[in-house]
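[1] Below are the sequence and a predicted model for it; my questions follow.
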Amino acid sequence: MNRYASYTKEQLEEHFSNYLIDSWSYSAVSCFARNEKAFEMQYIYREKDTRSISSIAGNAYHAALKEFFAGYTDDESSPSVVNLTAWAYEYLDDIGANEWRLTDKFPTVEQAKAEATRIVNNLLESFVSELSTYTEQIDRVLGVEERCDVWVTVNGVDIPLPLHAIVDLAVLLKDGSVAIIDHKSKGSYTDEKELSLVHGQQAITYVKAWEERHPGQVVSQVWFIENKTSRNKDGSAQMRRHVFTMDADSRRLFEALLYEPLRRMLEAVADPDYIYTINPSDNFVDMAVLYDFWARTQISEVEDFDNIPSAKKDLLAKRQRKIKDSSVGSIAPKVITNFRKNAASFITLDYAHSNMTNEQKIEHLMRTYNIQVQVAHKIEGFSCDTYLCEVAPGVELLSIFRHSLDIANALDVPRVRLQGEPLVMYQGKSYLAVEVNKKRTEDLPWDAKYLEGRRIPLGLDNYRNTVVWNLDNNTTPHVLVCGATGSGKSVCLTNILFYAVEAGVTDITILDPKFEYAFANLPSCVRVLSDISDIEKALADMVRDMNERVRNRMKHLTLVIFDEFADAADQMRTGKDLDIRDDDGKVVGHEKSLLENFKMLLQKGRSAGFRFVAATQRASVKTIPGDIKVNLPVQVCFRVPKGLDSKVVIDTEGAETLAGAGDGLIHSPEYNDGLVRFQAFYRPL
């Protein structure tokens, strides 16, 4: 009996405090022997590596076989292919986007998943047709995927850490002996000469785990049943059963083979100063992930690693301090940081490849920065296409925003717009949206069919939903419209005007200091004022009218389109020019300025039926001060020169990336999901 098995709880706590890990497994020993740095990453720091397509497919195959053998009886004639594939597909569906290891041949998660599905289908088809490879000698099943955590002795030595093993299948054979069966999915069969070296250590590990967990059950055989993922051209059987007879001599040989790498691994995890070396030729690990991990250990604190068990943090904190002191003394932190940024260069990508879609380019590019996303949907809009990206759990969204120009470069466009705060909801799921401008091939003509009541249509969003401004909604009484020359601002105002007329609004005033509507052929219900004195008088009259309506509890819908209100503010009278004088020239009062009347109408006019559309080309806090903007709850921004201009109008950057000609963003209380991108209707004057 292993002497450590008799330790008390207090003794074990003290004992484990001397080791960087609390248990060992055959997988851990194998990983340490193959690539020490990968072992450090996965088993000490508990950082996950990506997984190859064949590995994930193999695990899905295991998941299906687990369910099958859990319900196995000796009268089972044939497993249900439907059930097997359902169990396997359920496993594949649970794999997060960040877990897939993508390759040049399978550069997207969707392609990788499709290939894994193909492999699983082949494996299960072979399993069903060649089931007798398993069942011809089985009497009954003793255990399926049984977890064993036991203290064992190897090569006569009490191992100071417990063995953790999961036994795929344990069975009672028809001759009364016990056998352990391990399922293997292989790209090619293991060479017969290598079997004892490759599988012998694993076989003795399973034997010791099972026999320690089930005293009295002596394992006589270990089977490794290899199922080849590709079809044999000669039509021969796909599954091969390799049987290891666990007699005394075989056990001694396999224990000796296992003990050497196990001893070296235990010595390493008992020494917090041990340096784990990298094997750059290891094909089982994602080298980009591994080198990124190495860089993090050189510059990070132990708190930066989220998966370290709390009981190991103090020990690893001391190790981290020594690593950092050593690395900083020999390598400048900036060099390490730059190396980490370029670690993904181990993956060679060609974005100019003629067969690569934009979806593949986005996924590929993000993969080079160790960011796992899957483009789940492509939405074809008017001025842009929207790629809805499923982001892997744990990915920091801000890390994607930092690479917006990299995405644009990969897609051969000047810039892209990322929409991730809030995320886009589509078909009941949330996505980060990548909007890529394109040359517009169709106009969106003004059409009365989009009008419902007094919900004024502004355009269609990228999902062909109508974007509206509701004149009857008191929470959205006024609209701010901004955009540079050629962006679509003026056309938007024209659309609003004619939809309002179509909706039956009969009291419409256009305040037009730049004379853009002075000579237009407009409906008779529309009044246009361009002279600054007329505009000032009209606003003063509206204030009096507003107050009269409030006093008399009257409500009447009045639509005012104030084009280039900033220009009017520049021309308005101020100071002494607003003095009211009597016949003797004495000042007897003071008129309110154009801007004061405008603000008053915005603040108080909604309850009396006033609705304002205020437009300007100039986006700055001077032309759109806070006390005006706060009373314009609906904000529409077409293309502007700079991100700062966009922030003034819609509180965030993005409008500077728009395509122009009616490509706009709207922020409105009616759209709780935040900014909505839309294409404005086109109707010439």
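    Cool, got the structure.
[2] Could you tell me what pLDDT the model assigned to the spatially most central residue of the chain?
    Taking CA atoms, centre = their mean as the criterion, Val391 is the residue nearest the geometric centre of the chain, at 1.4 Å. On pLDDT, Val391 comes in at 85.
[3] ditto for the one 5 residues further on
    According to the predicted model, the pLDDT of Glu396 comes to 80.
[4] Tell me how far it lies from Arg402.
    10 Å (CB to CB, to the nearest Å). C-beta coordinates here come from the backbone N, C-alpha and C atoms, glycine included.
[5] Help me confirm that Lys378 is found in a helix?
    No: according to DSSP: H, G, I helix; E, B strand; the rest coil, Lys378 belongs to no helix; its state is strand.
[6] Tell me the helix or strand right after the least confident helix or strand in the chain by mean pLDDT.
    For the chain, counting by mean pLDDT, DSSP states H and E, helix 333-341 ranks last in confidence among helices and strands (a mean of 54). Downstream of helix 333-341, the first helix or strand assigned by DSSP states H and E is helix 358-368.
[7] Burial check on the closest residue to Gly486 other than its chain neighbours, number of neighbours?
    With CB to CB, 6 or more residues apart in numbering as the criterion, Gly486 has its nearest non-adjacent residue at 5.6 Å, and that residue is Gly660. Neighbour count of Gly660, defined by other CB atoms under 10 Å: 17.
[8] now Met546
    Neighbours of Met546 (other CB under 10 Å): 21.
[9] Phe598 and Phe612, how far apart?
    Taking CB to CB, one finds Phe598 at 8 Å from Phe612.
[10] what's the overlap in contacts for these two?
    Phe562 (CB atoms under 8 Å, 6 or more residues apart in numbering).
[11] Looking at these two, which is more packed in?
    Phe598 (28 against 25).
[12] thinking again about what came up before, isn't there a helix covering the residue nearest to Gly486?
    No: counting by three-state DSSP, Gly660 is not found in a helix; it is coil.
[13] State the distance from it to Pro641.
    Relative to Pro641, Gly660 is positioned 11 Å away (CB to CB).
[14] Figure out the helix or strand that Arg417 lives in.
    Using DSSP H and E, Arg417 falls in strand 416-426.
[15] just checking, what packs against that strand?
    strand 384-391, helix 397-401, helix 404-411, strand 429-437 (3 or more CB pairs under 8 Å, 6 or more residues apart in numbering; DSSP states H and E).
[16] Would you mind confirming that Ala484 makes contact with Pro641?
    Yes: judged on CB atoms under 8 Å, Ala484 makes contact with Pro641 at a distance of 6.0 Å.
[17] Between those two, which has more neighbouring residues?
    Ala484 (20 against 12).
[18] Got the phi and psi for that one?
    Ala484 has phi and psi values of phi -70, psi 170 when expressed as degrees, to the nearest 10.
[19] give the contact list for it.
    Neighbours of Ala484 in contact, by CB under 8 Å, 6+ apart: 617, 638-641.
[20] Kindly provide the distance from it to Thr623.
    13 Å.
[21] so what sits against both of Ala484 and Pro641?
    Counting by CB under 8 Å, 6+ apart, nothing touches both Ala484 and Pro641.
[22] Pass me the low-pLDDT residue ranges in the stretch 251-400 of the chain, would you?
    Counting by pLDDT under 70, the ranges of the stretch 251-400 of the chain that qualify are 324-355, 368, 370.
[23] go on, the stretch 101-250 of the chain?
    Judged by pLDDT under 70, the stretches of the stretch 101-250 of the chain that qualify are 193, 196.
[24] Which parts of it are helices?
    109-129, 132-135, 195-213, 248-269 (DSSP state H, counting those that start in this stretch).
[25] Serialize those helices to JSON lines and add fields for mean neighbour count.
    Listed next are the helices of the stretch 101-250 of the chain as JSON lines, based on neighbours: other CB atoms under 10 Å:
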{"stretch": "helix 109-129", "mean neighbour count": "20"}
{"stretch": "helix 132-135", "mean neighbour count": "16"}
{"stretch": "helix 195-213", "mean neighbour count": "21"}
{"stretch": "helix 248-269", "mean neighbour count": "17"}
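[26] Point out the one among these that comes closest to Thr509.
    For those, the distance to Thr509 is smallest for helix 109-129, at 54.9 Å, taking CB to CB.
[27] can you name the farthest residue from the center of this structure?
    Most peripheral residue of the chain (CA atoms, centre = their mean): Asp584, 74.8 Å.
[28] how near is it to Glu591?
    Counting by CB to CB, the gap from Asp584 to Glu591 is 19 Å.
[29] Repeat that for Asp472.
    33 Å.
[30] my read is Ile456 is in a strand, agree?
    Yes: Ile456 sits within a strand when classified using three-state DSSP.
[31] Output the strand ranked longest in the chain as PDB, nothing but the C-alphas.
    The residue-count maximum for a strand in the chain (DSSP state E) belongs to strand 138-150. In PDB, the C-alpha atoms belonging to strand 138-150 read as follows (Å, rounded to 0.1, in the frame of the first residue of the first chain):
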ATOM      1  CA  ILE A 138     -17.600  -9.300 -23.700                       C
ATOM      2  CA  ASP A 139     -19.800 -10.900 -21.000                       C
ATOM      3  CA  ARG A 140     -20.800  -7.700 -19.300                       C
ATOM      4  CA  VAL A 141     -19.700  -4.100 -18.700                       C
ATOM      5  CA  LEU A 142     -18.100  -3.200 -15.300                       C
ATOM      6  CA  GLY A 143     -17.500   0.500 -15.800                       C
ATOM      7  CA  VAL A 144     -17.800   3.200 -18.400                       C
ATOM      8  CA  GLU A 145     -15.600   6.400 -18.200                       C
ATOM      9  CA  GLU A 146     -15.000   5.700 -14.600                       C
ATOM     10  CA  ARG A 147     -12.900   8.300 -12.700                       C
ATOM     11  CA  CYS A 148     -10.100   6.900 -10.500                       C
ATOM     12  CA  ASP A 149      -8.200   9.100  -8.000                       C
ATOM     13  CA  VAL A 150      -5.900   6.700  -6.200                       C
END
